[in-house]
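Participant: below are the sequence and a predicted model; questions follow.
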Amino acid sequence: MRIKRGVFLVLVVLSLMALAGCGVNESVSQIARYNVCTEPETLDSAKATGQPEGTILTNMYEGLVRYGEGNKIIPGIAKEWQISPDGLVYTFKLRESKWSNGDPLTAEDFVYSWRRVLNPDNAFDYAYQLYYIKGAEDYNSSSGKVEDVGIKALDPLTLQVELRAPAPQFLGLTAFMTMLPINPKMDQQNKDWPKKIEAQIVNGPFKPVSWEHNQKIELVRNDNYWDATKVKLDKLDIYLIDNIETGYNMYSSGQLDFQDEVPIQELPQLIASKQVKIFTDASTYFYRFNTTSRTLSDLRVRKALAMSINRQDIVDKVTQAGQIPAYSMVPFGLPDYNGQDFRQTAGNQLFQQDIQQAKVLIREAGYPEGKGLPKIRILVNTSSSQQKVAQAIQQMWKENLGVEADIDVQEWTVFNDSMENLDYDVCASGWAPDYLDPMTFIDLFITQGGNNLTGWSSKTYDDLVAKANSTGDQKIRMEAMHSAEAVLIQEMPVMPIYFYTNPGLIKDSLKGVIVPPFAIYADFKNAYIE
Amino acid sequence: MDRDYSFQRIEKIQSKADSALNNNQGQYFWRRFAGNPRGVFGLSTVVLLIILAVFIPWFSQYSYDYQNLSITNQPPGQNNWFGTDSLGRDLFVRVWYGARISLFLAFSATGLCLVIGVVYGGISGFIGGWLDEVMMRFIEVLSSIPFLLYVVLLMVWMGSGLKAVFIALASVYWLTMARVVRGQVVLVKTEGYVQSAWTLGVGTKGILFRHIFPNIIGTIIVTSAIMIPEIVFAEAWLSFLGLGVSIPMASWGALASEGIEGFRNYPWQLFFPAFFISLTMLSFNFLGDGLREAMDPKFDQ
Amino acid sequence: MVRFIVHRSITIIIALWLIVTATFIIMHTIPGGPFSRDKRVPPAVLENLTAKYHLDDSYARQYFDYFSGLSRLDFGPSFRYDFSVKDIIVRAFPVSAQLGAVSVVLALILGLGGGIISAYSHNKWPDYLVTFISSLFLSVPSFILASLLIFIFAYKLMWLPPAMWGNWQQIIMPALALSALPAAYISRLARTSILEILQREYVLTARAKGLSRISIFFRHILKNSILSVVTYLGYLIASIFTGSFVVENIFAIPGLGRYFVTSILNRDYTLILGLTVFYAVFLMAMNLLVDIFYLIIDPRIRTIGKE
């Protein structure tokens, strides 16, 4: 009897599935298997800081806006918004939408979530991403009250945010994981919700089923998502395998559809056989110069070092993933005021590779053929690709300038510490944007910048950045930032090397995945299996 | 095991050992050793490796760090006998440079661990009692403190370089040796014949060198032999963390770790360093067996 | 026996105190802290973080707080993950222990088997073969062996799944990778000790007295060869059961070993201490068992209260 009933059930389910299939290819199961390459540190959107966490959360939750194809900001939970002429007040009109348990989602939920991010007792790292909001920094540093924070629910579907200064990048930030909403009832009733994925009440395209630590997270389509009809995947398995060779093996044996990290030594073959797609990545790889060191305080030395390396060789032979040689700081992919690309407007040639000129400069600095220049110490961390690039640069400096360098490899945290204490000559660095605006790169190097770490300080530069930050007028902002970048390259406290790319192993059958150039790795909302 | 029997045995072993001593010890030992093909093979390979490591880098046309980015990842051929690596460096000369570092570290660190371990373990096991208890707990304390944490500390204090690696490795691997020696000493000293020797009034020195030492030498050699590859790879791991010899110089372990990254496409980058590590290991094992059999009079055919 | 165990327990507690103290000091001496990030956070945020995790207390205060927590078996929260240190150990240790158990058994079977064959065919070809294979295993570290195993059995032959945890096929390769080195070492140890025993007078006499090879084997050879590896077993079990970073990383196994490395790289203070305590207790308990085993199998061996 029991067996027969089982068979009957299977038949019913099968016929229902056949009826339900619509739009996408019915003969293949709509399951995508993606490796995010690490165990998430947390699945609490307020606490999370990394791209892997951002990726998982963005597939489970939706903020006020979302990034669509071509890095366009598209409506998310907010169906429309207004920005006051002075650029200070944002009014979001929310669509009627539901949490995965069927409760309505209101503007109050956003107020609750964002206040929670800023609560100093919670001590969330990325609270500072909300410092644009009026009163936010004061509240987070325990010197202001929560009521004074400029986040208000005017009615259940209207959210008003007041900024402390104009910041056009704020709109895009509302898609960022830190600003995703959480369900207040869930948070109040079950403090352990970040630990129990199945207890999470979500509002995004997929809802959680299970979390096997260091193995995988299983998500299924959230039928209560407002745009659920567009979600074609029935199931999204997010693997948490940190060894990328292992991920590659699983991909090869058909256990994965997508992994956005590729073993470097496999890259040339995989690119040639078109198994790897190269996505854009709005990040820059550069070396910091310690401008407080005796030799590197000389601009001529810094310029000579920057001009004498062959970036094309580095990207072609060493990193091998189609990276773009960088002769400027801000990468491609960030918008300018006229809808164009910031980098394309200014061009990528703020300086040139010029070995003859570099030789002249080093001679003028008093070190002809590099003689008399103390050995330069290149600080790198334990990443093997960084070590390779450093070795290539070491030889280029030696051959082209006669400058000798040592490579000092340090464990990650020690490395960070040395960089912070300016205990280096030259230091390998990278920067990935927090939001899609050139400011995320430009304000790095202001005198007070916590991430400056070069000892460099320029009044002109600081003034230009302040000017850009004082207005919501994109034209003025962008022009100020272009001028600031020119000053930066002129003074050369950093030496750009290349703009990153993001090579990914992706099956041809998996379509519609959005791979943004920053913040998250992949958005599966519109993905489907062909 | 009755007393008479043990007595006989002791007499016998002593007379054998004495005859070995009288018979011009060195000559006797070498004759026995030379008669053992494995031992001879082991010794000559080790000597050969050392000679090659010293001389090849001198006479090579390439230097270990010269990169030619136009010939990256080349298979072994006429110009580059072992092929090239991912930065277009000649692997042949890199392997022999690596041999200098790895062989030096392996032998010196193993040697030091051997001495400290045997003395420490010997005292602990032989004297026993509360001293043994304290000494063994101390070993457990040292082996429980996270090695990586300690390595980071050393790195911060001493910077990178061979000296720091040597200290890091030696300060950890002697623990293994001390434990093993102590275990063996405890086992052997309770054997009937050793007990009987005590009762017969053989002195401490005699017990140690006539009875205990010959019976544990085998285990000591086996344990030293396994320490060699462990040290070679521990060094690679340390240099990855920034404690080892600084890049672009590379030890065998570092070369093998680099080779594993692309072994599907460029298997030679893994094969050559791995081959030489294994060869060293095998020869050292054979050498160890040969030495022990030549030293230990019990192994008369 | 009871006196022995009580006595040992006291020294274990003292040793544990030393271990925690030393680890605590080193941990706070090395640069960086749990909130050291690639992107530096503003001072206000850092203040909130240090206050929340009590890192703004004096070292002495943190030190005593840790011990008072420890006395209640409370290892504290992880600084990096949402889970407590206890959560992580309880979740990950069974996986490592399961894999470890298979590996130890495998190592013992292969090692003792190899050692016995080797010793009985002393200086003949099977002996050479075993020496050769064991030298190979000893000189190929687990990360290379693991990659090669995956390449052959998962990539080329497709007999086994390349990674992850859950069914018996997924145990085979990691267990082989973990047991290769101990098996090789055990075989060398066993070979050595059997060769020595075979040369001993009492075995020769026993043989002369007409005892069969088989009964000599069981009465003397097997017993002694096991004794010779038991000291090693205490450490082997302690280290293999608590997991291996390399093997867990390559085979994507959700075990404890990975945390021994990542906790230190992350400066996850409570997790570092918790794992250190866990490992130390496990190790000392194993060594205690080994000593008890000796007492039972061979009462002449007294490690305590003698002389």
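Facilitator: Nice, I can see it. Numbering: from 1, shown residues only, chains lettered A, B, ... in the order given.
Participant: can whichever strand or helix holds C:Val130 be found next to chain B?
Facilitator: According to DSSP states H and E, C:Val130 maps onto helix C:125-139. Yes - Helix C:125-139 comes into contact with chain B (C-beta under 8 Å from any C-beta of the partner chain), by way of C:Tyr128, C:Thr131, C:Phe132, C:Ser134, C:Ser135, C:Leu136, C:Leu138, C:Ser139. Where you see a C-beta, it was placed from the backbone N, CA and C, and this is true even at glycine.
Participant: between the residues you listed, which is nearest A:Gln312?
Facilitator: Using C-beta to C-beta, C:Ser139 is the member of the residues of helix C:125-139 next to chain B that sits closest to A:Gln312, with 40.9 Å.
Participant: what's the neighbour count on the closest one?
Facilitator: Counted with other C-beta atoms under 10 Å in any protein chain shown, residues neighbouring C:Ser139 total 28.
Participant: what's the nearest residue to it if we skip its chain neighbours?
Facilitator: Residue nearest to C:Ser139 in three dimensions, not counting chain neighbours: B:Met281, with 3.6 Å by C-beta to C-beta, 6 or more residues apart in numbering or on different chains.
Participant: per-residue confidence at the one you found?
Facilitator: The pLDDT attached to B:Met281 in the predicted structure is 79.
Participant: OK, contacts around it?
Facilitator: By C-beta atoms under 8 Å, 6 or more residues apart in numbering or on different chains, B:Met281 lies in contact with B:Ala225, B:Ile228, B:Pro229, C:Ser135, C:Leu136, C:Leu138, C:Ser139.
Participant: against C:Pro141, how distant is it?
Facilitator: Distance of B:Met281 to C:Pro141, computed by C-beta to C-beta, to the nearest Å: 11 Å.
Participant: tell me, what's touching the two both at once?
Facilitator: Joint contacts of B:Met281 and C:Pro141 (C-beta under 8 Å, 6+ apart) are B:Pro229.
Participant: so residue 238, which state does it fall into?
Facilitator: Reading this off chain A. Three-state call for A:Ile238 (DSSP: H, G, I helix; E, B strand; the rest coil): strand.
Participant: where does the residue lying closest to it once chain neighbours are set aside land in three-state SS?
Facilitator: Residue nearest to A:Ile238 in three dimensions, not counting chain neighbours: A:Ile217, with 4.4 Å by C-beta to C-beta, 6+ apart. Of the three states, A:Ile217 takes strand under three-state DSSP.
Participant: would you confirm that A:Ile217 contacts A:Gln200?
Facilitator: No - using C-beta atoms under 8 Å, A:Ile217 is not in contact with A:Gln200; the gap is 10.9 Å.
Participant: could you list the low-pLDDT ranges of the chain?
Facilitator: No chain specified, so I'll use chain A. Low-confidence regions of chain A, defined by pLDDT under 70, span residues A:1-26.
Participant: oops, wrong one, chain B.
Facilitator: Under the criterion pLDDT under 70, the flagged ranges of chain B are B:1-25, B:192, B:240, B:296-301.
Participant: circling back to that earlier point, what do A:Ile217 and A:Gln200 both touch?
Facilitator: Jointly contacting A:Ile217 and A:Gln200 under the rule C-beta under 8 Å, 6+ apart are A:Pro208.
Participant: now do the helix holding C:Val130: everything it contacts.
Facilitator: B:38, B:225-226, B:228-229, B:274, B:277-278, B:280-282, B:285-286, B:289, C:114-115, C:117-119, C:121, C:145, C:180-181, C:183-185, C:187-188, C:191.
Participant: likewise stretch B:101-118?
Facilitator: B:49-50, B:53, B:162, B:165-166, B:169-170, B:173-178, B:180-181, B:220, B:224, B:227-229, B:231-232, B:235, B:245, B:249-253, B:277, B:280.
Participant: one more: stretch A:77-85?
Facilitator: Around stretch A:77-85, the neighbours that count as contacts under C-beta under 8 Å, 6+ apart are A:62-65, A:89-95, A:97, A:105, A:159, A:171, A:174, A:181, A:203, A:226, A:472.
Participant: how about it: buried residues?
Facilitator: By 16 or more other C-beta atoms under 10 Å in any protein chain shown, the buried positions in stretch A:77-85 come out as A:Ile77, A:Ala78, A:Trp81, A:Ile83.
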